[in-house]
Structures are given as C-alpha cells and as structure tokens.
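A.B. asks: I'll drop the sequence and a predicted model, then ask my questions.
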Amino acid sequence: MPAQPVIVLVRPQLGENIGKAARAMLNFGLAEMRLVSPRDGWPNPAAGPAASGADVVLERAQVYETLADAVADCAHVYATTVRKRGVTKPVVTPEEAARAIVVEEGRSALVFGPERSGLETDDVALARTILTVPINPEFGSLNLAQAVILCAYEWSKHQNAAGALVQPTVEDMLPPAPQEEFEGMFAQLCGLLEPRGYFMPEDRAAATRRTLRTMLTKPGWNHLEIRTLRGVLSAMRRAPGSKPGTEPRGE
C-alpha cells in the first residue's frame, strides 16, 4: 500500500498556522510535514501551543530550502490553489486526489502556499497536478489549516476504503520517477539549450523555462523513460563520430 502523503508548507508565515496545520494532519492520521523556508525560521515557539498536542508532527518536521528539494522523493506532486496560474495542468478536487493517492505507486506530496498569497506560479509549475477546492466564487478564503484538513480528511476517508478502490495494475507499467530524476533531466536539457540561444530574449527566459517544464511534467515519465531521454540528450551533446561515454541511457 502506498505511503501516507507528505504535507508540504511552502514559505509559511506564522508559527501558529504551522501548529494548526499539524493538528489538522494528525486528526486524520497524517504525520509527515515538510517546511520550505518558513519565514520566522524553525523551530518556532508559537507552533507548539497551536498544535494542541500534535507535537509528534512538529518534532518530525523537516525543513528545506526549496520546494524542489522538499518533493525530490515524490512521484506525485499536487499543488493546492484556488486561482488560475498561467500553467496548464490536470485539475482535481481533494476527493479525486485522495482517491488517486491511495492507489498510485510512489510517494505523493500535497503542497500548500503561504497564508497571504498562496503558491507562486513557479511553485505550481513544479507540480504535476493542481488541487482545487470547489468553493463559493463570491468568497474564496480558506486559511492554511482549513485547506490542510480538507485534504487530510479526504485522504483518511479513502484510505479506510482503499481495499475497495484498488484497481488491477498493469505489470509492465512503471510508476512515475521521483522528482529529483526529472529535475536532473530538465537541468541537462536546459544546459544543452542555453548556449544555443533557446532562452533568448532574456526577458522571456523564465516564461520559456516554465512552459517547457509544464510540457515535460505532463507525461509522468518513469525511471527508464527518463534514463532513455537523458541518454538521447547526452548523445546530442557529443561530437559526431565520438565514442559514447558513461552517460545514463535506457535499458
């Protein structure tokens, strides 16, 4: 059975909100929290009282500098947002995400943004799926703990019924590769394109990279597919007629 999803809080602002999120998690059996560059550092003395006894979540919380680092071991990354972010991704509800998480292979991460502004476009671009809560269009104002508890509850509900939700697997289908393998391939590709002027003009470079990343995250490459593509990129880098080196390649 797949491991519990990881709850990732990106640049959280208040220790109280981190504590409340931990409380929401543990109510429904989730205990792995990861923090990306918390504004006031970590540990935060304001988190404990707000957690109301969910100390085990805070004690085990891990801190990362970037979101990419925080989800490096996750094959499925869900970015929670209620706004359009200029990226094209599959969009699911908390219930649909929970149903997928309890049956899919590989680790899953549910990513939540800062209290005031939510996830930035580049954060959402890193994910493979957008998770959006159906909400009153006249007043869409969930706080961080509320958003966490909605997702945790849906996971708990479907986790308890996981036996009924499991579908037959196709043995020759491999799960998506961990995020760090995709990042290595993406960096290799950008390294080939940059000296050839692909990201010019400079004022469009960030948008071009984001579009390229969005396109490449859609297939959910497995381990062998990423190795094969990296082998292709390595072959393109070699001079014609030169012997292959030790670059990774498909088997």
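C.D. replies: Noted; the coordinates are in hand. Residues are numbered from 1 along each chain as shown.
A.B. asks: going by C-alpha atoms from here, please, whenever you check contacts or count neighbours.
C.D. replies: Noted.
A.B. asks: so how far is the helix or strand hosting R99 off the chain centroid?
C.D. replies: Under the criterion of DSSP states H and E, R99 resides in helix 94-101. On the basis of CA atoms, centre = their mean, to the nearest Å, helix 94-101 sits 14 Å off its chain's mean C-alpha point.
A.B. asks: just stretch 123-133 next, same as before
C.D. replies: 7 Å.
A.B. asks: quick check: mean pLDDT of it?
C.D. replies: Mean per-residue pLDDT for stretch 123-133: 93.
A.B. asks: what sits up against that stretch?
C.D. replies: 67-68, 76-82, 85, 87, 89-94, 97, 210, 213-214, 217-218, 220 (CA atoms under 8 Å, 6 or more residues apart in numbering).
A.B. asks: sorry, back to before: mind listing what's buried along the helix holding R99?
C.D. replies: P94, E95, A97, A98, R99, A100, I101 (16 or more other CA atoms under 10 Å).
A.B. asks: quick check: PyMOL command selecting the buried ones in the contacts of stretch 123-133.
C.D. replies: Restricted to buried positions by 16+ other CA under 10 Å, the PyMOL selection for those reads:
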select buried, resi 67+68+76+77+78+79+80+81+82+85+87+89+91+92+93+94+97+210+213+214+217+220
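A.B. asks: that older thread, contacts for the helix holding R99, please.
C.D. replies: Helix 94-101 has contacts (CA under 8 Å, 6+ apart) with 2, 5, 78, 108, 131-133, 150-151, 154-155, 158-159, 165.
A.B. asks: next SSE after that helix?
C.D. replies: Proceeding N to C from helix 94-101, the next assigned helix or strand is strand 108-112, under DSSP H and E.
A.B. asks: ok, which stretches of this structure are helices?
C.D. replies: Assigned by DSSP state H, the chain shows helices spanning 15-27, 47-51, 55-60, 67-70, 94-101, 121-126, 144-160, 162-165, 179-193, 205-217, 223-237.
A.B. asks: which one of those helices is the most hemmed in?
C.D. replies: With neighbours defined as mean count of other CA atoms under 10 Å, those peak in mean count at helix 15-27, which reaches a mean of 23.
A.B. asks: could you dump the buried residues of helix 94-101 to CSV with distance to R23 and pLDDT?
C.D. replies: Shown next, in CSV, are those (distance: CA to CA, whole Å; pLDDT from 0 to 100):
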residue, distance to R23, pLDDT
P94, 18, 94
E95, 20, 95
A97, 21, 95
A98, 19, 94
R99, 23, 93
A100, 24, 93
I101, 21, 93
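A.B. asks: okay, those in JSON lines with distance to E181 next?
C.D. replies: Output for the buried residues of helix 94-101, formatted as JSON lines (distance: CA to CA, whole Å):
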{"residue": "P94", "distance to E181": "27"}
{"residue": "E95", "distance to E181": "28"}
{"residue": "A97", "distance to E181": "23"}
{"residue": "A98", "distance to E181": "24"}
{"residue": "R99", "distance to E181": "25"}
{"residue": "A100", "distance to E181": "22"}
{"residue": "I101", "distance to E181": "20"}
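A.B. asks: quick one: which of the residues you listed is nearest to F28?
C.D. replies: Nearest to F28 out of those is A98 (CA to CA; 12.6 Å).
A.B. asks: for A61, see how far away that closest one is.
C.D. replies: 22 Å (CA to CA, to the nearest Å).
A.B. asks: hang on, the earlier thing: got CSV for the helices of the chain, with distance to P137 too?
C.D. replies: Below are the helices of the chain laid out as CSV (distance: least, CA to CA, whole Å):
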stretch, distance to P137
helix 15-27, 24
helix 47-51, 30
helix 55-60, 33
helix 67-70, 29
helix 94-101, 17
helix 121-126, 21
helix 144-160, 16
helix 162-165, 31
helix 179-193, 33
helix 205-217, 27
helix 223-237, 40
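A.B. asks: centroid residue for this protein?
C.D. replies: Relative to the mean C-alpha position of the chain, the nearest C-alpha, by CA atoms, centre = their mean, is the one of V77, at 2.9 Å.
A.B. asks: many thanks, I have nothing further to ask.
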